[in-house]
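[1] Need a 3D model of the following:
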Amino acid sequence: MQAEETSATSLGTRPTHHGRDVFFIEGEGFVGRSEGTFDQESEKAPSARRTAAVAEAEAAEVPPFRFSRLGPVGQRLDRDSRVKVARAMTADDRGDGVIPAGFTYLGQFVDHDLTFDATTVALGDNVSPADLLQGRSPTLDLDSLYGAGPGDPVSARFYDDDGRHLKKGTTTEVGTDVARVGFDVPRVGTSTSPRKANIPDLRNDENLAVAQHHAAFIRFHNRVVNTLPNSVPVSDRFRKARQLVVLHYQWMLRTDYLTRICDKEVVEDVFRHGRKVFEVGADPFSMPTMPVEFSVAAFRLGHSMVRDAYDWNARFPDNQGSLDLLFTFSRTSGNLGGNPTLPSNWIADFRRLYRFSEIDHDELKPPAPVNNAKRIDTKLVDPLARLRAGSFGGTQSQEGTIDANLAFRNLTRATMVKLGSGQQLADLLIGKGVAVTKLTRAQIRDGAGGVGLGSLTDAERDEFLTHTPLWFYILREAELNNGRLAGVGARIVAETFNRAIEGSSFSIVRNKDFRPTLGEVDGRFRMADLLFFAFEGKKGQLAPLGD
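    Purely as a prediction, here's the structure:
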């Protein structure tokens, strides 16, 4: 997750940063703030609705990204309580969890795939309204990597002239660290000033960690193209490669990513026996919606996983890769350190982000222990109390204020859309026959080594424990479950992923006979397998700067 705000696409075709403030919810229309300060609308308008004129104008511009609501609307948490809880959540550091840190930024990459707005790269004359609507729906097709494909006149710029390979980026030489092809995202232009990324989703250049993951997925696709059998016709090589890439990606998410962040039993139940709450019985070929409970609460779990510093590579070991520097060496939030492309001394050492010993490659152990993500719980690292304006589309004047506190922004956004409380969602799941144990007031109050609620007044605390914000509730569940989502959080995440995969163009949910073939072990394809394949199993590519 994500070192900055996780959100869905913008309302129109305009590029946006994270931090969506307005949502089009099926059956409700546009919900959220309309103008003014970040949370002004939530304080002054009981319905938090857009005006009819604004909603009509935006709907006419392009079919909106479709959200749905799983549960009932909830009560608003007052601003004073949000400020106090947010400051408490970002006040203290805590120990690491057990999940390798790379999964934090894989989660951010996945979020951008789920919420990619394909209409921003497919607005030619031949795009139908149905295609536009499909382009604004959540699936796991890697369209944030592929755009609308090489045949689309706008997306063609992401591809080599052969129309099969994705373009690669080249780093900038620094000292003895030479320029290297394929270790940065491709960038536009030839100037010596910092260049914008030439990728479908500029959110994937908001910090260095997610940008390096995007570059790795470019490698993965290109290697799949290169290893296709000669019997595949030239005209079909891109489609076949994308199919293989997407199906292996989905398999990795289902068997590796989800089972690390959620109770494995919940994931297995959903994928083997089906959904009980979200779009139950939907036509498998129809386009999914996205639950606002997932976007605004459950999948913001990754914010808790972010470290304030990383053992990044041989040039920046021992936690010298600070979170602030990871933002600096991007283009959307930073300036690449003043370089035209990523300087070579900032190339990621993926051995320090993932455990290759898990796929029986002990020779790829890093010189120091692998970075672990922070435990999923109710605490966030201190730098997330001071977001850069570029990471949430804010202004310089907001930096250093409560508006730049990520926990406050999450709690406020839930208030804007009147998100149901943790207790309301637990009751909903129980009513649908899901085996969920509802947290007690004492569990929500005390947790297990997480944030305390002592800054709240007695009345504020009573209200908070009765109507607990869903995001906080889900993090508290994980905190009480040794750092993995349980109960409400696990079910929302697993069912949303299941439906997003089911509705994708290529789908391991619909194609139940699919088994991965690109890993070294039959039936196994983890993120470490994906990287091992993409980088040809070579230490010199996974860690080009050495030990």
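[2] Show the residue spans covered by the helices in the stretch 201-350 of the chain.
    208-227, 237-252, 258-261, 264-273, 292-296, 323-328 (DSSP state H, counting those that start in this stretch).
[3] what distance separates the shortest one from the middle of the whole chain?
    For helix 258-261, the distance from its own C-alpha centre to the chain's C-alpha centre is 14 Å (Cα atoms, centre = their mean, to the nearest Å).
[4] pLDDT of that helix, averaged?
    For helix 258-261, the mean per-residue pLDDT is 98.
[5] CA atoms only for it - export them in CSV, please.
    Output of helix 258-261 as CSV, limited to C-alpha atoms (Å, rounded to 0.1, in the frame of the first residue of the first chain):
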residue,chain,number,x,y,z
LEU,A,258,-4.4,-12.1,-0.7
THR,A,259,-3.3,-15.0,1.6
ARG,A,260,-0.7,-12.8,3.1
ILE,A,261,-2.9,-9.8,3.9
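[6] and that helix, what other elements does it pack with?
    In terms of contacts (3 or more Cβ pairs under 8 Å, 6 or more residues apart in numbering; DSSP states H and E), helix 258-261 is packed against helix 102-114, helix 487-502. Just so you know, the C-beta spots here come from the backbone N, C-alpha and C atoms, and that holds for glycine as well.
[7] Can you list the neighbours in contact with it?
    I99, F103, G107, V267, L301, I376, R484, L485, V493, A494, F497 (Cβ atoms under 8 Å, 6 or more residues apart in numbering).
[8] and if you look at the last one?
    Residues outside helix 323-328 that contact it (Cβ under 8 Å, 6+ apart): 3, 206-209, 306-310, 316, 333-337, 381, 383, 388, 390-391.
[9] Next secondary structure element downstream of it?
    strand 372-374 (DSSP states H and E).
[10] Give me the neighbour count for F532.
    22 (other Cβ atoms under 10 Å).
[11] chain center to whichever helix or strand it is part of, what's the gap?
    Using DSSP H and E, F532 maps to helix 527-534. Between the centre of helix 527-534 and the centre of its host chain there is 19 Å, according to Cα atoms, centre = their mean.
[12] what helices or strands is it leaning on?
    By 3+ Cβ pairs under 8 Å, 6+ apart, helix 527-534 packs against helix 102-114, helix 208-227, helix 237-252.
[13] If you average the pLDDT over the second one, what comes out?
    Mean per-residue pLDDT for helix 208-227: 98.
[14] tell me which residues of it are tucked away?
    Neighbour-count burial for helix 208-227 flags 208-225 (criterion: 16 or more other Cβ atoms under 10 Å).
[15] Render the CA-only coordinates of that helix in CSV, please.
    Provided in CSV are the C-alpha atoms of helix 208-227 (Å, rounded to 0.1, in the frame of the first residue of the first chain):
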residue,chain,number,x,y,z
LEU,A,208,9.9,5.1,-6.5
ALA,A,209,8.7,1.8,-5.1
VAL,A,210,5.5,1.6,-7.2
ALA,A,211,7.4,2.9,-10.2
GLN,A,212,10.0,0.1,-9.9
HIS,A,213,7.1,-2.4,-9.7
HIS,A,214,5.6,-1.0,-12.9
ALA,A,215,9.0,-1.3,-14.6
ALA,A,216,9.2,-4.9,-13.4
PHE,A,217,5.8,-5.7,-14.9
ILE,A,218,7.0,-4.2,-18.2
ARG,A,219,9.9,-6.7,-18.1
PHE,A,220,7.5,-9.5,-17.3
HIS,A,221,5.3,-8.8,-20.3
ASN,A,222,8.2,-8.4,-22.6
ARG,A,223,9.8,-11.7,-21.5
VAL,A,224,6.5,-13.5,-22.0
VAL,A,225,6.4,-12.1,-25.5
ASN,A,226,10.0,-13.3,-26.1
THR,A,227,9.3,-16.8,-24.8
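[16] Could you tell me the angle between that helix and helix 102-114?
    Put simply, helix 208-227 runs at 70 degrees to helix 102-114, going by axes from the mean of the first three to the mean of the last three Cα atoms, to 10 degrees.
[17] what angle sits between helix 208-227 and helix 237-252?
    Using the same axes, to 10 degrees: helix 208-227 against helix 237-252 is 130 degrees.
[18] so what does helix 208-227 touch, helix or strand wise?
    Right, helix 208-227 is packed against helix 102-114, helix 143-146, strand 181-184, helix 237-252, helix 323-328, helix 527-534 by 3+ Cβ pairs under 8 Å, 6+ apart.
[19] okay, the ones you listed in TSV with distance to S344 and mean pLDDT next?
    What follows is the helices and strands packed on helix 208-227, written out as TSV (distance: least, Cβ to Cβ, whole Å; pLDDT from 0 to 100):
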stretch	distance to S344	mean pLDDT
helix 102-114	20	96
helix 143-146	23	95
strand 181-184	7	98
helix 237-252	27	98
helix 323-328	15	95
helix 527-534	19	98
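[20] Distance to K432 added to those, as JSON lines?
    JSON lines is the format used below for the helices and strands packed on helix 208-227 (distance: least, Cβ to Cβ, whole Å):
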{"stretch": "helix 102-114", "distance to K432": "23"}
{"stretch": "helix 143-146", "distance to K432": "31"}
{"stretch": "strand 181-184", "distance to K432": "46"}
{"stretch": "helix 237-252", "distance to K432": "25"}
{"stretch": "helix 323-328", "distance to K432": "39"}
{"stretch": "helix 527-534", "distance to K432": "32"}
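[21] out of these, nearest to G489?
    Smallest distance to G489 across these (Cβ to Cβ): 13.5 Å, for helix 102-114.
[22] got the residue ranges for the strands in the stretch 51-200 of the chain?
    Assigned by DSSP state E, counting those that start in this stretch, the stretch 51-200 of the chain shows strands spanning 67-68, 96-100, 169-170, 181-184.
[23] Using CSV, lay out the ones you listed together with mean neighbour count and distance to L429.
    Below are the strands of the stretch 51-200 of the chain laid out as CSV (neighbours: other Cβ atoms under 10 Å; distance: least, Cβ to Cβ, whole Å):
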stretch, mean neighbour count, distance to L429
strand 67-68, 20, 16
strand 96-100, 18, 25
strand 169-170, 20, 44
strand 181-184, 20, 44
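[24] need those strands in JSON lines with distance to R237, can you?
    Below are the strands of the stretch 51-200 of the chain laid out as JSON lines (distance: least, Cβ to Cβ, whole Å):
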{"stretch": "strand 67-68", "distance to R237": "36"}
{"stretch": "strand 96-100", "distance to R237": "33"}
{"stretch": "strand 169-170", "distance to R237": "22"}
{"stretch": "strand 181-184", "distance to R237": "20"}
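[25] Sweet, I'm off.
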